[in-house]
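Chemist: My questions are about this predicted structure, shown below with the sequence.
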Amino acid sequence: MQANAQGPVRSYLPCGADRRKFLKALACTTAFTSGWCPEANAGDLGERSDPFRFRYMLASCLFGYQYLGEILPQVRACGATHLDLWPKVHGNQREQLTDLGVERFTEMLERHDVQLGCITQYKLGPFGLADELRLAGRLGCRTMVTGGAGPKGLSGAELKLAVREFVERLKPTLAIAEEEGVCVAIENHGNNLIESPDSLRWLAELRPSKHLGIALAPYHLTQEPKKLASLIRDLGPAIEMFYAWEHGNGCMKVMPTEEELLQLPVRGPLDFGPMVEALQAINYRGWTEIFMHPTPRGRPMLPMPAQVTDELNRSRAYLDSLIAKS
């Protein structure tokens with residue numbers, strides 16, 4: 001959607017608690033497009049009868065440090081409805097929100113018919129999210145992605161105990177998340193407590209409420225399609241975010257752009273068919289982000305915003321085509 005020719009669209013939203021209630025109600029009215037309401041997670045919506053489809057969200061870090069005003073027109077253009085806001089070093093759009101202020105940022109979202117769906121905050125860690133969760137609540141944002149915390153390299157009973165202790169330590173954060181209508185989604189990340197398929201299974205089993213979820217990143221797991229599909233079925237409604245992201249040639253060293261893009265669906269060798277079939281089987285209603293990391297971090301995946309959108313649409317066409325086959 002283009003900007004109003006008469007100038008910026010003004011915001012007349014209520015303030016304070018009334019504003020928060022209004023934004024949450026607004027988020028519920030868009031459940032038909034986003035698949036989620038702050039009061040109901042993906043599992044609660046599992047009985048809905050509308051056909052399965054991906055609910056795409058756009059990660060701001062795919063554009064490096066480019067200005068939000070250049071990124072927002074690309075959200076709808078790439079088939080998404082919501083934006084995932086990333087801070088440095090991967091992007092700097094979270095810092096841009098601070099510079100712009102909430103009112104100006106909200107005006108920009110409204111002008112482009114976009115909502116804030118997620119704030120990604122690894123650097124704050126899972127126990128440092130209190131203020132960020134309150135900001136998310138003000139903005140009607142229903143998801144926050146972060147990493148786990150705890151000992152690494154565990155297995156068996158030791159792993160289960162460590163995940164249980166992590167969930168217990170997280171409960172004060174989850175209390176704030178519940179108050180603000182946000183789900184804290186933990187990504188399986190390399191060199192982390194929540195890294196292996198078993199750690200994800202324990203997290204799904206031990207989570208105390210729908211306000212704790214999983215951000216599933218196939219990049220960090222085996223690249224065997226059937227095993228990834230089996231894991232999706234095991235995790236079921238605990239999945240809040242699905243990264244359509246494969247390993248390709250990795251993302252930890254400088255390489256030609258064509259090799260970097262192998263992290264994207266259809267570009268790389270991973271068959272997403274079994275995963276899409278599994279997502280459809282569990283009636284997945286969470287977010288999907290077509291994703292990759294360029295090297296060095298903070299660089300856009302392609303120089304121009306429209307080029308990023310074209311590449312994402314190529315992956316999106318592939319993923320959507322798999323729905324019909326599954």
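Modeler: Done, it's in.
Chemist: any weak-confidence spans in this protein?
Modeler: 1-49, 325-326 (pLDDT under 70).
Chemist: Using the three-state scheme, assign the residue most central in space within it.
Modeler: With distances taken as CA atoms, centre = their mean, residue 241 lies nearest the centre of the chain, 4.8 Å away. Assigned with DSSP: H, G, I helix; E, B strand; the rest coil, residue 241 falls in the strand class.
Chemist: so it makes contact with residue 218?
Modeler: No. The criterion here is CB atoms under 8 Å, and residue 241 misses it with residue 218 at 11.8 Å. Where you see a C-beta, it was placed from the backbone N, CA and C, and this is true even at glycine.
Chemist: Against residue 75, how distant is the residue lying closest to residue 72 once chain neighbours are set aside?
Modeler: Sequence neighbours aside, residue 112 is the residue nearest to residue 72 in space, at 4.1 Å (criterion: CB to CB, 6 or more residues apart in numbering). Noted for residue 112: a distance of 7 Å to residue 75, by CB to CB, to the nearest Å.
Chemist: next one: residue 88
Modeler: Applying CB to CB to residue 88 and residue 75 gives a distance of 21 Å.
Chemist: Show me which of these two is the more surrounded one.
Modeler: residue 75 (25 against 14; other CB atoms under 10 Å).
Chemist: quick one: what helix or strand has that one in it?
Modeler: Assessed by DSSP states H and E, residue 75 sits inside helix 68-77.
Chemist: For that helix, list every residue counted as buried.
Modeler: Buried residues in helix 68-77, counted by 16 or more other CB atoms under 10 Å: 68, 71-75, 77.
Chemist: Next: stretch 275-294.
Modeler: 275-280, 282-294.
Chemist: Stretch 176-189 too?
Modeler: Applying 16+ other CB under 10 Å to stretch 176-189 flags 176-178, 180-189 as buried.
Chemist: out of the buried residues of helix 68-77, who's nearest residue 118?
Modeler: residue 75 (12.4 Å; CB to CB).
Chemist: what about stretch 248-255, how long is it end to end?
Modeler: Terminal residues of stretch 248-255 lie 12 Å apart, using CA to CA, to the nearest Å.
Chemist: Now do the buried residues in stretch 239-253.
Modeler: Those would be 239-248, 251, for stretch 239-253 by 16+ other CB under 10 Å.
Chemist: Surely residue 227 forms part of a helix?
Modeler: Yes. Counting by three-state DSSP, residue 227 is found in a helix.
Chemist: any idea how far it is from residue 196?
Modeler: From residue 227 to residue 196 the distance is 12 Å (CB to CB).
Chemist: Which of these two has more residues huddled nearby?
Modeler: More crowded of residue 227 and residue 196, by other CB under 10 Å: residue 196, with 18 against 13.
Chemist: And the more buried one, how close does it get to residue 237?
Modeler: 20 Å.
Chemist: residues in contact with the lengthiest helix in the chain?
Modeler: Selection of the longest helix in the chain by residue count, based on DSSP state H, yields helix 156-180. For helix 156-180, contacts defined as CB atoms under 8 Å, 6 or more residues apart in numbering pick out 20, 126-127, 129-130, 133-134, 136-137, 144, 148-151, 154, 183-184, 193-194, 196, 198-199, 202-203, 206-209, 211-212.
Chemist: The helix or strand following that helix: how far from the chain's middle?
Modeler: Under the assignment DSSP H and E, the closest C-terminal helix or strand after helix 156-180 is strand 183-187. Here strand 183-187 is found 9 Å from its chain centre; the criterion is CA atoms, centre = their mean, to the nearest Å.
Chemist: And for stretch 180-187?
Modeler: On CA atoms, centre = their mean, the centre of stretch 180-187 falls 10 Å from that of its chain.
Chemist: Residue 233: what secondary structure?
Modeler: helix.
Chemist: in the stretch 201-326 of the chain, which spans are helices?
Modeler: Using DSSP state H, counting those that start in this stretch, the helices assigned to the stretch 201-326 of the chain run over residues 225-235, 257-260, 273-281, 305-325.
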